[in-house]
Each structure stands twice: as structure tokens, then as C-alpha cells.
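*Asks:* predicted model, plus sequence, below.
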Amino acid sequence: MKPVVKFSIRQTVFINVVFVILVVAGVFSVMTTPVENMPDVDIGKVFIHTTYFGASADDVEQLVTIKIEDALDGLESVEYVQSKSYRNFSSVQVKFIDDADYEDLYDELRFHILNIKDELPPEADEPSFLYIDTHVWLPVVVVNITGDIPQRSLKLFADELKTQLLNVPDVQNVRISGEYDEEFHVSVDPEKLRKFGITFQQMVNAVQSANTKIPTGRFRTGESEYMLDAGKRLSSQEEVLNVIVRRDGDGNFIRVRDLVTNARMSHRDPSLIPSVNGENSLRLRVIKEEQGNAVEISSAVKEISRRFGELRKADGIGVVFTHDSTIEINDSVKTLGGNLIFGMSLVLIVLWITLGFRNAMLTAIGIPFAFLCSIIIMKLAGLSINTISLFSFVLVTGIMVDDAVIIMENVFRHIQMGKPKKDAVIDGTAEVMLPVISSAITTVLAFIPMLIMTGSTGEFFAQIPKTVTYALIASLLEALFILPIHILDWGPKKISGPAVSEEEDPYHHLRSGVFSPFWKIYRWVLERLLNHKIFTFISIGGLFLLAMTILVLSATGVVPLIKVEFFPGNYFRYHVTIALPVGTAIEKTDTVVRDLSQFIMSLGEEQAQSASGSAGYYEDEDYQRHSGHNYGEIIVTLPEDKDREFPDNPGNDPMIHLDYIRDGLNDYVAQSYADSDLRPTVHVFPESDGPPTGKAVNIRITATTMQDALHASDTVMDFMKTGPELSDLTDLADDRPYAQKIVRYFPRHEAVSEYGLRPGEVTGLVAGALNGHYAGGFRTPDEEVDLMVRLARRDDKINMRDTGLSEPMDILDVPMIEHSASPVLLRDLVTAEYGDEPNVRNRYKGRPTVTITANIRAGSKLSPARVQVLTREFFKTVEGNFTGVSLAFGGEFESTSRSYTSLLFAFFIAVLAIYMVLSSQFSDYFQPMIILSAVPFALIGVVMGLFLTRTTFTIGSFMAIVGLAGVAVNDSLLLIDFMNVRKERGRPLRDAVVEACAARMRPVLITTVTTMLGLLPMAIGIPRKSISWAPMATAFVAGLSSATLLALLIIPVEYEFVENIRSFFQRRRKTGIAVSPSGAGEDSDKLKQKPSGTR
């Protein structure tokens, strides 16, 4: 390796120029790389939404949902198909198998569905597709236009602002939501129809006929040409009112104005009513380009929107921002950036104390250099700077200096031996170059297999191994080629005290200084362990067995000694879902949503920044939309961390605050709606900033019939409500269907035939009279909208007269068709009856399904795995009462199981890859196994650390174990390498072991302490604690400290034991004499007679 070092030293100028160029390029990359909250994650889900206005849930299921499910039967790589059929609406969720080619599958899915659109009812809208990709789906910011003005006016202002926002660089799209579908309504007065003897059909025919325009080609006259149109579209209220329906008996014209309560611009019955902070609003969701900088885009959007709000203030317009991603970004930068800076400061202090100021500065140069090089590669690879990459930098801060510390310390040791600086640099670097390269490779090989994690979770965490790998490669190159040059140019010129060679005294560098007392204690303990190997192996084996027992019992939920949670994400928004009794009008739901929004905002700006309300639907933790006029949701944005002041919560813990809000809302509902028939059911859950996992508890009950599923659900729900260990479950609910009131109109076939009609014509008349009969387009100055003729309702907001339908049965007395004798009333053609129907139909893989969901109260020791164990055990006792019923556990438990399985596979891949590298370096079967024994040492530390500190075991903790597989072996690798070198020089085995430990103790402790201190601020929360990442940092610190301590103590024992066994069999083969391998042999006796190190 010396020629390589000599070559780099000869190329000093070239390498320094490259160093400066990379630093400048890194700074440029930092300034231009996209910044966002989270990396783009493709969840592999598609929602197929179909609107079938006026259809019952049963009809939607039979005529739309099942046909769509059948069309998907031939689609490959589908994990499951789940559907919900509501009145007017079908939602089919398709989940692809993890890591499939989602884009191709999505195109194929669309092809399958569009092929059967002709088989769907003609009245149904064409299916729409929602592909769940966080880049497209999650906005940078949502701009809410508010004002106590009509929705149509709000829409005009929103369109104006949208045009301005689309001009912001890197804005891909601005989507307006919450606007009403504009229509021109002709509201027919039933009493006027009876008075004039005019039928509803005549009214429709008259308006349709007057609203007809037919292109009739062109007409040429010589050299001129005219385009021809016949007829005219109605384009004003006056034109509609003047349409002639017929003459009366006196020959007077009966016009539309004589038969209506009103004719004016209106809108279709809304399926969504938005609000913000209890006020009217429209939402503009700003979506950025993939390479756009979220911080810059959000800043520009907010500036433009504020100016727009100031200009339109006189028009009653206001602007409120919600879903602002920069809140999360700023919090991540403050928390992780603070951890990073504090950790780097601690690393520098330790290096200064142990290596001296000059050496510390030369060593620490590798940290910013590796960061900058990593960001260059990230920019070239299309990655962004986000929470994951920032955490990766914190994670790798201490690890990056390991290579530089080892080289610097070894060069310094050679200088202490009295060598000239250039020779010390060459010899010191060359001596450790191979093990340093191997240690870097083993660390990288531990992180790289994390890329095989499956699904959206794997994609979410993929940037950790990528960023760590980039940083480690950059730091390795800096340590091998740049650091030696810097040491030569700016390193220490001389040392204090006499120079002593290693042959003269291998312990000279430890006889004074910071590490002298550590060495005395370490050597005393080490010699006793070397002399009591069996006791040492039994003790460490028992400790490992205890740790594994704690981990397995906790992970399986049998005995929750350590709480297991998938990803304890922090949150900046929480959702309040609202369910009113089935059949509640959407306007009433909107009133409740606004009332609860105002209650939340009344708690003060230190508890809520905004409350974005929606009536007509809510979305659950799995992004599944639940539609219905009785549903609503409120998304509450918390203030920034510095502005928070949560009651009875000194630490402003957001999870404790969530319980406070949940209890407060329930108390408010109980008091305010005590005497109301429309008492809302309220659930609260956080919008996690981690990977999508669903609710903590998700139990899917499938059966042959819905009744069987409901029966089983009742039984399981009763157990979960009363189970002694399940008292910490919150928001316990299921998605069972509830009865909804309905009026059914059935054609009287004999009567229908008597009047020369068909049943379909009669049902069409009923639907048109109630929902509106399309009579062509109505031309406005800006666009063309539908012109609808319908029967007036007494409670219509635009009805200025006290006439119209009061009840659904009133339509029976309306004259519908013309007959020779007199107009025929609807009651002569149909019979009507009241009834009820389910408000929703749920299916999973084609079977009726009821899903039970629940969350777990903050601070509880209860885990999803424990809930699964208890529920499964209970269901086994009652399973005989149900036929064809099965339970499946989804949500967080399902995410945890999958991710842990894939991570376990990644762990074994990492260990195998590391073994291959080590076996190649050492050309030995057993020594790599000795080195890899550091992995169980790390696992002991992780489990015991989490158990003693009562820290939750998360997916991050498991990732820490996988990463530690590479980091923990580095110390062992160098120890074994130095032992081999001294053994090859002819040193007795015990002396070789102890001298190698002496040579490596200082760099091992320095590298361990720097790595631990790099992560310690995150683990303990200095200056701020990250709820999401603290468990991973804690696991890494605990595992590394354990691995280092045990490696220094146990690896020498294992090495000497294996070498004694090897020597025993070698001597036996040569001499045939039985020699006991259990002791240390002759070398041990020498050590007892004369302490190592005395000459």
C-alpha cells in the first residue's frame, strides 16, 4: 500500500485542486438541490371513483362496483381489491404488489376499466382515477380563498389567483377544490302545473325545443361564403322565462314565467362543502414540479396570495394558508440541523482533547467535505434534501471521521516512534489502509441491503442507505488521499518527550496522557477474562439469550417488555373525523363542521394555526375516502414549535396534546349536542410525518354474507371494549353499514301500458322531475352550463314563493304526461313506499367485509402486536359460532410485519456480504466469524438500552441493528488485523493479543466516542428532540457502546481461544501428542511470570 500513498503525496497540487473544486461544487449543489419535507413515495395504490347520481348503495354495488371488480380480475400483480359503494358513489381501491412496475400496471388498469365503461349505466359518470404518489398528491401549500360571498364569486376570485400562481417557477399545477357545479335551474311550481293543466313533460319539451341550435353547414354565393346555424341557445334569464309552453283556452300564451317559482343560475346539489376556521372557502392546492424547491415555491405562493388578499380586501376576500409543508421543513431543519451541529461540535471537542487541536482540525475536515460530496451525488441522482437525508447526515456524522481518526492516530503513533514526518505519514497510512478500506466496505454493505425493503416503507427509507453510502465513500477517499497530504503540509512538526519505537515499548503511547488510566483498567480486566475463557463465554451467551428473549417476547406481543411501534412519527396536523346519523343533510353536516372548527380555533393560536373543514367526506389513515352527506372532517394545523403552548403539557408533547383535544372535543359534543338528534361521533388521529402505516389497529373481518361479518364484528368489538389489557384503545369503531331512509317509486305496469308508455319512460320522468331534466346547454358570458328543468322544492334557498314539494310523496299529485281526457298524475302511473337501505357496501377481494379500527393512547405500553395476539386468542374461543368468517390484521401491524420481515432478510444479506469481504481479506474461515461476533454484542446493547430507557422499539431501531452490523465489526476487524500482524512478527500469542489491544484501544475509543456523540444529541433531544428519529439514534448509541466495550473485552478472548484450538490440532498432527487446548499454553505461563510490556 505504500506505493499508493507515495503516489498521492507526489500529486499534492492536483489533489488539492480537486479538493477545492469539489468543495465549490458542493456549495453550489447545496444552493440548488430541491428542498422538501419528505422524499417522493409511490404507495402503489389506485382509487377508481365513479359517480352514479341518484343510485342507492345496492345499485351502485351491483351496477358499478362489481363490474369494475370483475374487469380487474385479469390484472396481474394485484395484492388486493377493496371497494366501498355509497349512494351516488363507488370507490374501488387497488393495491399493487410491492415493488412492481407501478406505472405500467396503472396504465394497464386504466385500459381494463375504460374497456368496460360502455357496460356501466349510461347515467353514471366516466370512472376517474386517483394514483397515490406523494409528489402529485401532497401539496406544497394550500391557499384558501375565504369570504362571506356567493360561491360563484369565490370561484371567480380563485380562478384569478390560480392564473397568477401558475406563473410561479416550478409550480406544476394549481387545483381548485370545493367549487360547485354551476347549472341554470328552471324550478317548476307543481301548483301552477295543476292550475293550467300542463304536464311536467310538456314543460321540459318546450324548454328543450326553444334551446336547440343545429349547425347546418355553409352557403356559397359567388366569391363569398356564409356559415349556417339554425336555432339558438338560451343565454339569459329573460329568454328562458319568455319561452312559450302552449296557449290557454282563450288563446293566450302560457310562458315559462307563468309556471315557475324561479329560473336562475344555481348549482348541482353539492357533494362537498369546504370551510376554513368556520368561514366559507375555496381551496387552491399548489403542486410542485418534482425538482422544485418546496421552500422557495411556498414563499413565492404566499407572497403572491397575500398581495392578492390585500388588493381584494374591499371585496370581502381573505386568504388563509393550510397544509404548508414549510412548517415541517423548518422544524426538521431546526431539529435535525441542531442535532447535526451539536453532534459535530461534540466530535470536534473529543478529537481536540484526544488528538490535539491541529490534528483534530485536519481530521474534522472530512465531515463537511463528505457532506458536500454527498449532496453533489444526490443532486446528480435526482434526490432532494429532506428530513430523511438530514437524518442520514446526523447518523453518519461520527462514522465519517472513523477512517480519518484511524489514519491520523496511526500516523501520530508513528511520529511518536521518532520517524520523520513523511515516513510516518507513508508508513502510518499504508499500515491501516487495507483494514480501513475493509471497514468502510463492511459499513456500506450493512446499509446497502436496506434498499431491499419492500413497499412504500422501503421507498420512504431508501434515501438513508443511499446518503450514508455517498458520505462514507467520500469520507474514505478524503481519508486515504487528501488527509495524508494535509498532515504532511499542516500536521505536527514534532512531539513532546522522547521518541520510543514499538519494538522498545509497545505501550509507550499509553503510559501517559488521557488514555493512561483507561489502559490500566482495561488491561487488568482483559488479562482476567483471557484467563477465564469459559466463564466469559457463558456470561456473554447468557446476556445474549436474555436480550433475544426480551426482544422476541416484545415483538410478538406475548409479553410487552419493550413497546413495539412501527414509526412513532411526529405530526404537525391532526384530523378530526365527524359522523352524523345517516340521512343527515350535507348542509347540517357543514354547520357541525364549522361549529367544531370554531371551537378548536377558540382554544387559542398557541394550540391551532388553522382548521380546514370539509362536509361530505373524510379520509382515514389509509387515505381511503369515506363519502356521505353525514360525514365531515377537520384538518387542524398546529402552530410552529416555538409558538406552541399546550395546557397541562409542560413539554408541549404533541401526542399528549392529541389526547387533550380528543377529550375536549368529546366533552364539547356531549354538552352542546346533548338534546340534539344529530349528535356527531368524533374521532381524532394525527397526520404522521413518517411512512404511511394506517391505524395502529386494523382488523378486517370477511364473511360469506354481510350479516355474518356484522355478527362477528359485534363479538370482537365487545371484547375490545371490555378486554382488561385493551383499556388504552381509543377511537374504536367499525365501518358497518347503517340504515338510510329511502322512498321507492315503482311503475304500475298495467297503467303504464294503458297510456302507451314504457316503465323506463316513467322512471325517467320521476328522476328528471326530482333531480332535474337536462334541457341542453345554457350559454353564460364565460362558459356553457347545463340547463336543468326540475320541480321546485319548498325549502330551496332560491325559492321565493311558499310553494313546491314539501315531501317526496307530493310528487304523486303532479301532472306528468298529457292525455286526451286530462293530464295524468304521477300517482296514476306509480306506487310509492317508504323504506330503508344500507348507506355503504364494503367488499374486500370480492367478499363482504367489516373493518374494525382503533388507535392506542399516547404513552401506553400496549402495542399493535399485543392487540393482535389478544384478539386472535379470543377469536379462537368463539370461532365455532361463525361459519366462513376470517380475521386479518392490517394497518400498522401489517406494515410492521412486512417491513420487519424485509429488514430481517436485509440483515442476513448484510452479514453474509460482510463475511465474504472479511474472508477475502483474512483468507480464513474462523477469524471473520470472530469479527462478526460484534454484531450480537451490538444487539445486546440495543435491546438492553431500549429496555432500560423505556424507549420504543421502532422500524428505525431495527434499521439501527442492520446498520450496526457494519459499524460494529470495524473495531473487531482492526483488532484482529493487528493481532495477526504481531503474531506473524513472531510475538507470543498472549503478547500479540495484548499488544494489539494496546495499539488499537485509543483509536477504537476515539472512533466510538465520536460516532456516539454525533448521535447523542438526537438520542437525548439536544437542542430539540425528534420523536420520529430519537428511537433509532438511541438504539444506535446503545448498540455501538455495547459492541465496542464487548469487542475490546471478548474479541481478544475469542481470538486466543481459536488460535489455541488451531495450534492444538496443528501440534497434534505433527507430534501425535495430546495437548490440552483449554488454557493459554506456554504463553500464558510466561505472562503470569512477567507482565506484558516489561522488557
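*Replies:* Ah, there it is.

*Asks:* pretty sure D402 contacts G1014?
*Replies:* No: with contact defined as C-beta atoms under 8 Å, D402 does not reach G1014; the gap is 10.4 Å. Using the backbone N, CA and C atoms, a C-beta is placed for each residue, glycine as well.

*Asks:* L63: neighbouring residues, count only.
*Replies:* Using other C-beta atoms under 10 Å, L63 has 20 other residues around it.

*Asks:* again with G859
*Replies:* Counted by other C-beta under 10 Å, the residues lying close to G859 total 11.

*Asks:* residue contacts, it?
*Replies:* By C-beta atoms under 8 Å, 6 or more residues apart in numbering, G859 lies in contact with 655-656.

*Asks:* now do the SS call for it.
*Replies:* When classified by DSSP: H, G, I helix; E, B strand; the rest coil, G859 comes out as coil.

*Asks:* got it, and P848?
*Replies:* P848 falls in the strand class when you classify it by three-state DSSP.

*Asks:* need the pLDDT of the residue lying closest to it once chain neighbours are set aside.
*Replies:* By the measure of C-beta to C-beta, 6 or more residues apart in numbering, the closest residue to P848 outside its immediate chain neighbours is M706, 4.2 Å from it. In this model, M706 is scored at 92, pLDDT.

*Asks:* begin at 296 from here
*Replies:* Understood, numbering begins at 296; the last thing we discussed is M1001.

*Asks:* correct me, but M1001 touches D1030?
*Replies:* No: using C-beta under 8 Å, M1001 is not in contact with D1030; the gap is 11.7 Å.

*Asks:* now do the shared contacts for these two.
*Replies:* Residues touching both M1001 and D1030 (C-beta under 8 Å, 6+ apart) are V1145.

*Asks:* longest strand of the chain?
*Replies:* Ranked by residue count and defined by DSSP state E, the top strand of the chain is strand 920-932.

*Asks:* give the pairing partners of that one; include direction for each.
*Replies:* Strand 920-932 has the following sheet partners, assigned by DSSP bridges: strand 866-874 (antiparallel), strand 905-914 (antiparallel).

*Asks:* ok, now how distant is E822 from T1339?
*Replies:* Computed as C-beta to C-beta, to the nearest Å, the E822 to T1339 distance reads 19 Å.

*Asks:* neighbour count: the two, which is higher?
*Replies:* Higher neighbour count among E822 and T1339: T1339, with 26 against 19, using other C-beta under 10 Å.

*Asks:* just give the nearest non-adjacent residue to that one, would you?
*Replies:* Per C-beta to C-beta, 6+ apart, closest to T1339 is T1303, 4.2 Å.

*Asks:* mind checking the SS state of that neighbour?
*Replies:* helix.

*Asks:* how many neighbours does it have?
*Replies:* Using other C-beta under 10 Å: T1303 sits among 24 other residues.

*Asks:* pull up the pairing partners for the strand or helix carrying R541, direction included.
*Replies:* Assigned by DSSP states H and E, R541 belongs to strand 539-542. Partner strands and pairing direction for strand 539-542 (DSSP bridges) are strand 548-550 (antiparallel).
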